[in-house]
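Visitor: pasting the structure only:
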């Protein structure tokens with residue numbers, strides 16, 4: 001019983017009823033001026049013509065969202081669009097919506113007015129009085145049992161209000177909802193947003209993780225060495241790495257603040273020298289060799305290659321420490337090859353462990369390339385091949 005009465009306690013129930021009844025306000029004014037059948041036909045024709053105007057779907061969509069959809073935090077209501085009609089199919093659905101809302105409005109408005117009058121007439125005849133001359137029902141004799149039937153129309157009224165509200169909402173979702181093309185576009189946009197979030201998460205992991213690793217290694221080495229000169233060099237390396245990380249962080253935050261403005265200032269392989277110098281300042285003996293013109297590498301490949309190299313060097317400093325590192329960057333006709341090797345100084349981690357290595361593989365796969373990470377002849381290797389076309 002309580003569940004059945006719950007809709008009557010929700011404001012959206014009465015907003016839906018208002019949305020339905022408002023649809024027949026202006027046609028009703030015509031009937032008061034000229035009581036003829038053609039007034040209703042004219043109203044239906046004018047609504048049909050209005051539905052062909054693209055902006056009509058915007059107006060109807062906003063009304064439907066405001067009055068038909070209950071306000072919830074989960075974003076309910078996005079199934080009703082508020083954009084102009086882009087195709088004739090959208091216009092046709094808008095026309096059907098306007099006509100259905102008009103017909104349902106007449107029905108609900110009629111019962112909303114006549115059911116209370118019917119209750120009054122039944123009560124009047126049940127008490128032995130004559131009903132009004134223009135009443136909804138007219139009986140020649142009075143019967144006492146009419147009074148027992150008087151509450152039934154009043155009980156039927158909220159049923160009609162609730163039922164019509166659900167019906168008009170379902171029609172709005174069906175007729176004012178997105179078309180298949182719009183659903184596909186929304187799905188693609190959502191996918192792009194998820195990919196962008198994943199990319200930003202990788203950016204923060206690679207950049208900030210690299211900076212923190214360098215800072216920890218440098219601070220530990222400086223404390224262990226007890227040499228003022230070495231400490232000065234370590235502080236300089238920490239400062240430089242921290243400044244670069246702050247620049248990366250500001251750029252990523254800029255992407256979050258201005259998602260519509262792509263930021264093209266991400267570092268590329270042309271900036272790889274600062275990574276190598278940072279690793280050397282942390283104590284690693286980096287033997288780097290670059291073959292080919294790095295500046296000819298396409299932007300997306302060069303940027304992802306920089307991040308892969310950054311993550312590989314970060315892993316060396318984090319897991320192996322100050323060890324010899326061999327870095328080879330080769331730019332071929334149609335492939336970019338990155339090879340980073342260092343001696344193994346600790347047990348081999350289990351397969352798939354570490355978000356850094358997973359990020360390297362994901363970056364390579366995103367560009368259609370290949371990535372191999374793992375032990376090889378006593379060394380740990382990161383070998384990545386990225387196509388440039």
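Guide: Arrived safely. Since the model is a prediction, treat every value here as computed from it, not as a measurement.
Visitor: helices and strands around the helix or strand hosting residue 340, which ones?
Guide: Using DSSP states H and E, the element containing residue 340 is strand 335-343. In this structure, strand 335-343 packs against helix 299-315, strand 324-331, strand 379-387, with contacts taken as 3 or more CB pairs under 8 Å, 6 or more residues apart in numbering; DSSP states H and E. Every residue, glycine included, has its C-beta placed from N, CA and C.
Visitor: Run the angle between the longest one and strand 324-331 for me.
Guide: Spelled out, that is helix 299-315. Following axes from the mean of the first three to the mean of the last three CA atoms, to 10 degrees, one obtains 170 degrees for the angle between helix 299-315 and strand 324-331.
Visitor: Which strands or helices does helix 299-315 pack on?
Guide: helix 180-225, helix 272-281, strand 324-331, strand 335-343, helix 355-366, strand 379-387.
Visitor: coming back round to it: can the helices and strands packed on strand 335-343 go into TSV with extra columns for distance to residue 46 and mean pLDDT?
Guide: Formatted as TSV, the helices and strands packed on strand 335-343 follow (distance: least, CB to CB, whole Å; pLDDT from 0 to 100):
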stretch	distance to residue 46	mean pLDDT
helix 299-315	54	86
strand 324-331	68	92
strand 379-387	60	91
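Visitor: what's the closest of those to residue 274?
Guide: Of all the helices and strands packed on strand 335-343, helix 299-315 sits nearest to residue 274, with 9.8 Å by CB to CB.
Visitor: Hey, what's the angle from that closest one to strand 335-343? Just curious.
Guide: Put simply, helix 299-315 runs at 0 degrees to strand 335-343, going by the same axes, to 10 degrees.
Visitor: So what does residue 129 have for phi and psi?
Guide: Dihedral pair for residue 129: phi -110, psi 160, per degrees, to the nearest 10.
Visitor: Was I right to think it contacts residue 142?
Guide: Yes. Residue 129 lies in contact with residue 142 (CB atoms under 8 Å); the separation is 7.0 Å.
Visitor: who's more crowded, those two?
Guide: residue 142 (15 against 11; other CB atoms under 10 Å).
Visitor: The more buried one in helix, strand or coil?
Guide: Assigned with DSSP: H, G, I helix; E, B strand; the rest coil, residue 142 falls in the coil class.
Visitor: which one is residue 296 nearest to, not counting chain neighbours?
Guide: Among residues not flanking residue 296 along the chain, residue 331 sits closest, at 6.7 Å (CB to CB, 6 or more residues apart in numbering).
Visitor: ok, the residue most central in space within the chain to residue 200 distance?
Guide: With distances taken as CA atoms, centre = their mean, residue 190 lies nearest the centre of the chain, 5.1 Å away. Residue 190 sits 16 Å away from residue 200, going by CB to CB, to the nearest Å.
Visitor: Can you give me the domain assignment for the protein?
Guide: 2-178, 184-387 (automatic domain parsing).
Visitor: Least confident of the ones you listed, on average?
Guide: Note on the domains of the chain: lowest mean pLDDT is at domain 184-387, with a mean of 78.
Visitor: so how far is that one off the chain centroid?
Guide: With CA atoms, centre = their mean, to the nearest Å as the basis, domain 184-387 stands 29 Å off its chain's centre.
Visitor: ditto for stretch 153-166
Guide: Centre-to-centre, stretch 153-166 and its host chain are 36 Å apart (CA atoms, centre = their mean).
Visitor: try stretch 114-126
Guide: 53 Å.
Visitor: tell me which residues of that stretch are tucked away?
Guide: Residues of stretch 114-126 classed as buried by neighbour count (16 or more other CB atoms under 10 Å): 114, 115, 117, 118, 119, 120, 121, 122, 123, 124, 125, 126.
Visitor: what does stretch 279-297 give?
Guide: For stretch 279-297, the neighbour count (16+ other CB under 10 Å) marks 279, 281, 282, 283, 284, 286, 288, 294, 297 as buried.
Visitor: Among the residues you listed, which one sits closest to residue 85?
Guide: For these, the nearest to residue 85 is residue 297 (45.8 Å; CB to CB).
Visitor: Go ahead and confirm that closest one touches residue 305.
Guide: Yes. Look at residue 297 against residue 305 with CB under 8 Å: they come within range, at 6.9 Å.
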